[in-house]
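**Q** Okay, here's the prediction I keep looking at, along with the sequence it came from:
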Amino acid sequence: MAEPPQKVTIMKGATADLSAATYQIHDESHTIGNALRWMLMKNPKVEFCGYSAPHPSENVIQVRIQMYDNLSSLSALITALADLDALCATIEDAYVADVRKGTYERWVERA
Amino acid sequence: MQSTRDELEPSVRIRDLKKDRVNFVLENVDLAFANSLRRVMMADLPTIAIDLVEIQANTTVLPDEFIAHRLGMVPLVSTNCDEGMRDNRDCTCMAACQYCSIQLKLDVACHNNTTMDITSNHLEVSSYHDYDDVVEGEAGDEPTKRVEFFGHPVGKSDPDVAPILICKIRKGQELKLRCIAKKGIAKEHAKWSPCSAVSFEYDPHNKLRHTTYWFETDERGEWPLGENASEEEPPRDDEAFDFNATPGKFYFEVETDGSLGPQEVVMQGLAALQSKLATIVLGLKKTEPNMVPGERGDEAPPADAWASGAGWGEGGAGGGGGNASGWGNASPGRGGAATSAWGSGGGWSSPTQPAAAGWNV
C-alpha cells in the first residue's frame, strides 16, 4: 500500500526562518481553514494570514502565514491550534453547564 | 465594540431541548468558529448506515438499486459508534465482520389480497454466527461498547414512531435481502449525517447588511422578522451603519434524524473539531520536529493571555494613550486598522513616541 500522505507540508518558497510560509494541510476543509485563519489573525504578530481550498476535488487546504519581526510562523500556527482547542473546551463546558441548569423548555412526547 | 466582545467568555444558552432537537444560542465567538461548528455537526460525525445490499429475491415493482438506495437512507441507532464500531476500511477482515459492521436482513412476502407495506421495521439485525466462513478481523472490544438496539432502525422498538416505508407489494410479490451497515461520515455520503437539519442564524435585523432583501414596495412589510429577532435590539430608524460591527450571537437549531441524540451531536461536534486540531498539531510535529519546541512556541504568550485579550497591550507598548487599543482590535477582516498600523511601525503613535513603541511584545 502507498504511504499515507503527510498531514502537513511546508510548501516551497518559505523563508529559511519560517517567518513567511505556506502550509498545506491534507484532508481538511473550510471547517478548519476559516476558523484557523481567524485565530491566527487575532495574533497581532501576524502580518498576514489567508487560506484557500485550491480545488474542490483536491482534499487539501493551504494556509499562508507571514509574521512581523521574522518571528516563526510555525509557533504562531501551533499557538492558534492550541487556542482553538481551548475555545472548543470552553464552549463544551458552557454547554454542559447550561444543560445542568435545566432552564430550557421541556417537552413531553405524546403518542 | 469588537474589543469588548473579544474579552467576554464564549457562552451557550439552551432555549429548547427535545427528543430529536436542541435549540441554543452561542455568543461571543466569531462567525468563522460558529460556522465550523455547524459544518462539523453536519458532515463530520460518524454514524451507521446500510452500505451494501445483497438482493436475494425481488419481485416488487421497484428495481434493486432503487430499493438499495432507500435502505441506505434509513437511520440506524448509532449511539457511541465512535467506540462501538471500527472503520470497515481499517479492519483486517475479508469483507465485513462483527467488529466493523452490522448485518440486517429483510424477508417479506405478501400472501393476502391487500397491498402490504414493507417498512424499516421489517429489517432484523442478525449476527454473523450463522456463517462459519466469515474471515473476521482482529478481535476487539467494540461489540461490548454498543448500546441496546445498536444498529437497529430508529424507532423500531417504539410503537409510537411510524416506520419508514420502503416499498409496497401485492399478493405474490416478495423481497428478500441482506444488508451490511458500516460506519461512515456525511462527507462521503449524506446518509451518514446524524442531522436532518441544522438551522443557523445571526443578525436577525440585518444590521450588518450581510444580505439584501428583495422587495416590491416595502422592505419591512414584506420581510416579517423571525423568532430570533426578539433576542436583539431592533435598529433605530436614524441609526448609522456601523461598518466595524461583526456578528457575535448565533442561533442554532440542531435537528437529528434519531441516529444520534441532539446532545450527542453537539458534544461530539465539539470533540470532532478538537480531534481535527490535534491531528494537525501531530502532523506539524512530524513535518518540523526540530522547530516545534513543545505544545506551543517559545516566544508565544501563554493561552490565558489570549483569553484575557491583554497579551499584547502590556509593558506600556502603546504608551501614547489611545493607540494601545490597537492591539485589542486586531481581529480578522479588519486588517486595515490593525495590520497596517503595525506594518508602518507605530503609525498610530503620536510623533513624540519612539517609532518602535508598538513592537515591544
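**A** Sure, I can see it. The shown structure was predicted, so the numbers you read here are calculated from the model rather than taken from an experiment.
**Q** contacts and neighbour counts: CA atoms only from here.
**A** OK.
**Q** mind listing what the nearest residue to A:Ser73 once chain neighbours are set aside touches?
**A** Distances taken as CA to CA, 6 or more residues apart in numbering or on different chains put A:Ser19 closest to A:Ser73, at 5.2 Å, once the chain neighbours are dropped. By CA atoms under 8 Å, 6 or more residues apart in numbering or on different chains, A:Ser19 lies in contact with A:Ile65, A:Gln66, A:Met67, A:Tyr68, A:Asn70, A:Leu71, A:Ser72, A:Ser73.
**Q** For stretch B:120-138, buried residues please.
**A** B:Ser120, B:Asn121, B:His122, B:Leu123, B:Glu124, B:Val125, B:Tyr128, B:Glu136, B:Gly137 (16 or more other CA atoms under 10 Å in any protein chain shown).
**Q** Who are the contact partners of the third one?
**A** Contacts of B:His122 were listed using CA under 8 Å, 6+ apart, and they are B:Leu106, B:Asp107, B:Val108.
**Q** Weed out the non-buried ones from these.
**A** Judged by 16+ other CA under 10 Å, buried ones among the contacts of B:His122: B:Leu106, B:Val108.
**Q** Which of the contacts of B:His122 sits closest to B:Ala181?
**A** Nearest to B:Ala181 out of the contacts of B:His122 is B:Leu106 (CA to CA; 13.2 Å).
**Q** hang on, that closest one packs against B:Arg178?
**A** Yes - if you go by CA atoms under 8 Å, B:Leu106 and B:Arg178 touch, sitting 6.4 Å apart.
**Q** Phi and psi next, for B:Ser230.
**A** The phi/psi pair for B:Ser230 (degrees, to the nearest 10) reads phi -70, psi -10.
**Q** and stretch A:94-102, what's its mean pLDDT?
**A** For stretch A:94-102, mean pLDDT is 88.
**Q** repeat for stretch B:245-264
**A** Averaging pLDDT along stretch B:245-264 gives 94.
**Q** What is the burial count for B:Asp218?
**A** For B:Asp218, the count of nearby residues is 9 (other CA atoms under 10 Å in any protein chain shown).
**Q** The helix or strand where A:Val96 lies packs against which elements?
**A** Using DSSP states H and E, A:Val96 falls within helix A:73-101. Where contact means 3 or more CA pairs under 8 Å, 6 or more residues apart in numbering or on different chains; DSSP states H and E, helix A:73-101 is packed against helix A:30-41, strand A:60-67, strand B:11-17, helix B:262-287, helix B:303-308.
**Q** Out of those, which is closest to B:Arg236?
**A** Taking CA to CA, strand B:11-17 is the member of those nearest to B:Arg236, at 26.6 Å.
**Q** Touching the closest one from outside, list them.
**A** Residues outside strand B:11-17 that contact it (CA under 8 Å, 6+ apart): A:91, A:94-95, A:98-99, A:103-107, B:22-28.
**Q** Please repeat the previous calculation with a cut-off of 10 Å.
**A** A:90-99, A:101-107, B:22-29, B:249-254, B:262-263 (CA atoms under 10 Å, 6 or more residues apart in numbering or on different chains).
**Q** show me the contacts for B:Met85.
**A** When contacts are counted by CA under 10 Å, 6+ apart, B:Met85 is found next to B:46-48, B:78, B:98-102, B:140-146, B:182-183.
**Q** Below-threshold pLDDT in the stretch 101-250 of chain B: ranges please.
**A** By pLDDT under 70, the low-scoring segments of the stretch 101-250 of chain B are B:132-133.
**Q** which parts of it sit against chain A?
**A** Within the stretch 101-250 of chain B, the positions lying close to chain A (CA under 10 Å from any CA of the partner chain) are B:Pro159, B:Asp160, B:Val161.
**Q** Output those in JSON lines, with neighbour count, distance to B:Trp192 and secondary structure appended to each entry.
**A** Formatted as JSON lines, those follow (neighbours: other CA atoms under 10 Å in any protein chain shown; distance: CA to CA, whole Å; DSSP: H, G, I helix; E, B strand; the rest coil):
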{"residue": "B:Pro159", "neighbour count": "9", "distance to B:Trp192": "25", "secondary structure": "coil"}
{"residue": "B:Asp160", "neighbour count": "11", "distance to B:Trp192": "24", "secondary structure": "coil"}
{"residue": "B:Val161", "neighbour count": "11", "distance to B:Trp192": "21", "secondary structure": "coil"}
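**Q** Next, format the contacts of A:Ser19 as CSV and append pLDDT.
**A** As requested, those are arranged in CSV below (pLDDT from 0 to 100):
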residue, pLDDT
A:Ile65, 95
A:Gln66, 95
A:Met67, 94
A:Tyr68, 94
A:Asn70, 92
A:Leu71, 93
A:Ser72, 92
A:Ser73, 93
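**Q** In PyMOL, how would I select the buried members of these?
**A** Entered in PyMOL, the line below selects the buried ones among the contacts of A:Ser19, by 16+ other CA under 10 Å:
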select buried, chain A and resi 65+66+67+68+71+72+73
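**Q** quick one: which of the contacts of A:Ser19 is nearest to B:Val198?
**A** Nearest member of those to B:Val198, counting by CA to CA, is A:Ile65, at 32.3 Å.
**Q** Setting the sequence-adjacent residues aside, check what's closest to that closest one.
**A** A:Cys49 is the one closest to A:Ile65 (CA to CA, 6+ apart), at 4.6 Å.
**Q** what does B:Ile55 give?
**A** In space, and not counting its chain neighbours, B:Ile55 is closest to B:Leu177: 4.4 Å by CA to CA, 6+ apart.
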